[in-house]
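Novice: test case, fold it:
(2 chains, ligands or ions: 2)
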Amino acid sequence: MNIVVLVKQVPDSGLARQLDAQLRVDRNGANNVMGELDEYAVEAALQLKEAHGGEVTVLTLGPGQATETVRKTLAMGADKAVHIEDDAVGGSDALTTSAILAAALGRLEWDLVIAGAESTDSNMGVMPQLLAARTGAPALTGARKIETDGSTVTVEHQRANGYDVLSAALPAIVSVWDTINTPRYPSLKGIMAAKRKPVESLTLADLGIEAAGPAAAWNEVVDAAARPPRTAGQIVTDEGQGGTALAEFLAAEKFI
Amino acid sequence: MTDILVYVPNSGKHAAEVLTLARSLGDVSAVAFDDAAASLAGEYGAAKVYRVEAPGADDYFVDPKATVLIDLARSANPGFFLLPSTDEGKALAARVAVALDNGLMTDVSGLDADGTATQDAFAGATIVKSKATKGFLLATVKAGATEPAPAPGSPAVETVNAAVAEADQRVKVVQRVDEPAGDRPALSEARIVVSGGRGVGSAEDFALIERVADALGGAVGASRAATDSGYYPHKFQVGQTGTTVSPQLYVAAGISGAIQHRAGMQTSRVIVAVNKDADAPIFGMADFGVVGDLFQVLPQALEEIEKRK
Ligand SMILES: Cc1cc2nc3c(=O)[nH]c(=O)nc-3n(C[C@H](O)[C@H](O)[C@H](O)COP(=O)(O)OP(=O)(O)OC[C@H]3O[C@@H](n4cnc5c(N)ncnc54)[C@H](O)[C@@H]3O)c2cc1C
Ligand SMILES: Nc1ncnc2c1ncn2[C@@H]1O[C@H](COP(=O)(O)O)[C@@H](O)[C@H]1O
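Specialist: Ligands and ions are numbered 1, 2, ... in the order given. A predicted model of the protein is given here:
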């Protein structure tokens, strides 16, 4: 079973993040990490490979520094990687990104594509469905569990008040939430082995993509501002009266 | 007036919000796949309802509905096409975007008639305004974007009969499992949410959080550390990878206030925190905070609440 995992490098969501002067995600001033949900996608692919054999290929679209993220996936155990890197890509929207990734998927052999349920910088959560529309493969999104018998894939699609069991024939596209597994850490051996694993580097010209970047985008960011900080409230220290003070506040605000 | 196409999935609050927002932009044509959704559209001021009859569509994932929406969007040629920001709404919007070669925006929290959309970026730390430069404005609207306001009317109803095409039968829904909702209000729609974090310490002690929620008539929430530790089921997780809530009152007990947690609750009207660490980031956003042990503070507060009721 050949699996392609989609990973995106993003600014660490646990730290402060900002837009740059061109109102794009500031990737230079940020601590960049693998998309936090994409780690679960890599782990899911590795587990399926361990059970069914085949190869795991990592596919990423991003600037030069995304090499670090690629290397981490190889150290975790992925077999090879494709890194699309082109200065013309900066400022692209989700539709253009999906056209580029779909073109790259067209050059690879796969039974399954696994993505994160959403990237942790844009949080759009649309890439798997955009790619399904472009490649013609079915999309089974938001999985908390994934199983395959080699010809079909079955997932538990997580919902707020339950889940749906979905099933489709391969090849298919699946996206995963952080409830699906616990991602492994790269071992020392894995880190060493990663250095010898092949990484193919592609440009937009290689993929036959002509239009990208802000000029090809359908939407334009016209303004961005920091959310005004919440005004500091009243903080009391409990010295035996904290609970009563809390209830008094709730009463004053008419919640009781 | 501008034509606004709206996908109405059900008769819930989120759907009512999207209809309310849409009405402020132009004449609303609603797409409803069942009677409950159709009647909500009438109640919230839609001028027209496409009542879709697509027998068997529910046996499959989003594809049959996507095909119907693509056809309707193509023929209606709307100025805006709005869907609720749910997994389903986003999936449908993505299919429409590719099929009609049009841009899309997700998690929009506001829209002006001139086509300016407001979105939160970076877990709400940045507010972004965008415009569509080509095509129509296709957007999914976040829960809580507006207060639902009824405007009952009698919309023109057009029945749309749609057979499920073979190509749309690829993803089968083998089983739908609905977990019992219980007596408490739904987390995403509750007026009051009381959440516990790692500081609650165990599944048994979450009963204290439940008691506070019940005393206030609210829903129970949890941080990821609490759900990961098995103190409370995952579906109650508030935050970036859980539910986003925007209640009138949010109580955070034993929660430090990590960015990913704040992402899911920072637009709450009033925030209250109980934490024994005076330096916990949650105090930076609290309207009222108690520095103290939640096992002392909450039982005392409960007693006082009962007294005042
Ligand atoms: C990709 C990604 C997505 C994430 N998504 C989410 C998400 O959706 N939701 C979410 O919540 N988190 C999310 N997180 C995790 C987030 O970063 C934090 O780890 C998490 O929110 C911490 O939960 P906590 O505040 O309960 O635990 P901690 O940070 O451990 O805080 C526990 C707090 O309890 C206090 N405490 C302990 N005992 C007591 C007591 N007896 N009385 C009073 N106070 C006490 C402590 O002082 C401390 O401040 C995500 C992380 C990543 C990487
Ligand atoms: N530039 C990219 N390169 C590779 N994968 C991506 C890229 N952007 C998005 N993805 C994948 O699509 C998922 C959803 O992304 P999004 O729709 O942007 O929230 C991510 O978790 C990734 O798995």
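
Novice: quick one, what contacts B:A219?
Specialist: B:184-187, B:190, B:192-194, B:213, B:247 (CB atoms under 8 Å, 6 or more residues apart in numbering or on different chains). All C-beta atoms are positioned from the backbone trio N, CA, C, and that covers glycine.

Novice: now do B:K235
Specialist: Contact analysis of B:K235 by CB under 8 Å, 6+ apart lists A:160-162, B:179, B:187, B:243.

Novice: buried only: go through these for me.
Specialist: The neighbour count (16 or more other CB atoms under 10 Å in any protein chain shown) marks B:187, B:243 as buried among the contacts of B:K235.

Novice: so which of the contacts of B:K235 belong to strands?
Specialist: A:G162 (DSSP state E).

Novice: any idea which of the contacts of B:K235 is closest to ligand 2?
Specialist: B:T243 (17.4 Å; CB to the nearest ligand atom).

Novice: can you tell me what sits against the strand or helix carrying B:K90?
Specialist: Applying DSSP states H and E as the criterion places B:K90 in helix B:87-99. Helix B:87-99 has contacts (CB under 8 Å, 6+ apart) with A:95, A:98, A:124-126, A:129-130, A:132-134, A:139, A:141-142, A:157, A:159, B:7, B:9, B:61-63, B:65-66, B:69-70, B:73, B:81, B:83, B:102-104, B:106, B:138-140.

Novice: near ligand 1, which residues of the stretch 101-250 of chain A?
Specialist: Taking CB under 6 Å from any ligand atom as the measure of proximity, the stretch 101-250 of chain A contacts ligand 1 at A:T120.

Novice: who are the contact partners of A:G142?
Specialist: When the contact criterion is CB under 8 Å, 6+ apart, the partners of A:G142 are A:117, A:157-159, A:175-177, B:87.

Novice: just give me the least confident of those residues.
Specialist: Of all the contacts of A:G142, A:R159 carries the smallest pLDDT score, 89.

Novice: please name the bridge partners of it.
Specialist: Assessed by DSSP bridges, A:R159 has beta-bridge partners A:G162.

Novice: now the contacts of B:A219: which count as buried?
Specialist: Buried among these (16+ other CB under 10 Å): B:184-185, B:187, B:190, B:192-194, B:213, B:247.

Novice: buried ones in stretch B:13-31?
Specialist: The neighbour-count check on stretch B:13-31 (16+ other CB under 10 Å) flags B:13-23, B:25-31 as buried.

Novice: residue 114: neighbour count?
Specialist: Picked chain A for this. A:I114 sits with 29 neighbouring residues when counted by other CB atoms under 10 Å in any protein chain shown.

Novice: oops, chain B please
Specialist: Neighbours of B:D114 under the rule other CB under 10 Å: 7.

Novice: where along the stretch 201-309 of chain B do the strands fall?
Specialist: Applying DSSP state E, counting those that start in this stretch to the stretch 201-309 of chain B gives strands spanning B:219-222, B:249-253, B:270-275, B:288-291.

Novice: touching ligand 1 at all, the last one?
Specialist: No. Strand B:288-291 is not in contact with ligand 1 by CB under 6 Å from any ligand atom; minimum separation 8.7 Å.

Novice: how close does A:R230 sit to B:A47?
Specialist: According to CB to CB, to the nearest Å, A:R230 stands 39 Å off from B:A47.

Novice: who has more neighbours, these two?
Specialist: More crowded of A:R230 and B:A47, by other CB under 10 Å: B:A47, with 18 against 14.

Novice: ok, the closest residue in space to the more buried one that isn't next to it in sequence - contacts?
Specialist: Of all residues not flanking B:A47 in the chain, B:D27 sits nearest, at 4.6 Å (CB to CB, 6 or more residues apart in numbering or on different chains). Going by CB under 8 Å, 6+ apart, B:D27 touches B:1-4, B:47-48.

Novice: again with A:P138
Specialist: Contacts for A:P138 (CB under 8 Å, 6+ apart) come out as A:132, A:168-169, A:172-173, B:61, B:63, B:170-171.

Novice: for residue 107, give me the pLDDT.
Specialist: You didn't say which chain, so I picked chain A. With respect to pLDDT, A:R107 has a value of 97.

Novice: hmm, I had chain B in mind actually
Specialist: At B:D107, pLDDT is 95.

Novice: likewise the one 4 residues further on?
Specialist: Per-residue confidence at B:L111 stands at 97 (pLDDT).

Novice: and it, how many neighbours?
Specialist: Quick note: B:L111 (other CB under 10 Å) scores 23 neighbours.

Novice: I figured it was touching B:G26, is that so?
Specialist: No. With contact defined as CB atoms under 8 Å, B:L111 does not count as touching B:G26 (10.7 Å).

Novice: can you pull out the strands in the stretch 151-256 of chain A?
Specialist: A:152-159, A:162-169, A:172-176, A:199-202, A:219-226, A:234-237.

Novice: mean pLDDT lowest where, among these?
Specialist: Looking at the strands of the stretch 151-256 of chain A, the weakest mean confidence is strand A:219-226, a mean of 92.

Novice: that strand near ligand 2 anywhere?
Specialist: No. Strand A:219-226 is not in contact with ligand 2 by CB under 6 Å from any ligand atom; minimum separation 13.9 Å.

Novice: repeat that for stretch A:69-80.
Specialist: No. Using CB under 6 Å from any ligand atom, stretch A:69-80 stays clear of ligand 2, with a minimum separation of 9.4 Å.

Novice: residue contacts, residue 116?
Specialist: Chain wasn't specified; assuming chain A. Residues near A:G116 by CB under 8 Å, 6+ apart: A:6-8, A:35-38, A:40-41, A:175-176.

Novice: right idea, wrong chain: chain B
Specialist: So B:T116 contacts A:222, B:129-131 (CB under 8 Å, 6+ apart).

Novice: okay, now B:E147: neighbour count?
Specialist: 10.

Novice: repeat for A:D87
Specialist: A:D87, neighbours per other CB under 10 Å, totals 11.

Novice: can you report phi and psi for it?
Specialist: Note on A:D87: backbone dihedrals following degrees, to the nearest 10 are phi -60, psi -20.

Novice: B:G79 now?
Specialist: Dihedral angles (degrees, to the nearest 10) for B:G79: phi -80, psi -30.

Novice: how much space separates it from ligand 1?
Specialist: Using CB to the nearest ligand atom, to the nearest Å, we find B:G79 at a distance of 35 Å from ligand 1.

Novice: now do B:D183
Specialist: The gap separating B:D183 from ligand 1 is 24 Å, by CB to the nearest ligand atom.

Novice: same question, B:A37
Specialist: Relative to ligand 1, and taking CB to the nearest ligand atom, B:A37 is found at 29 Å.
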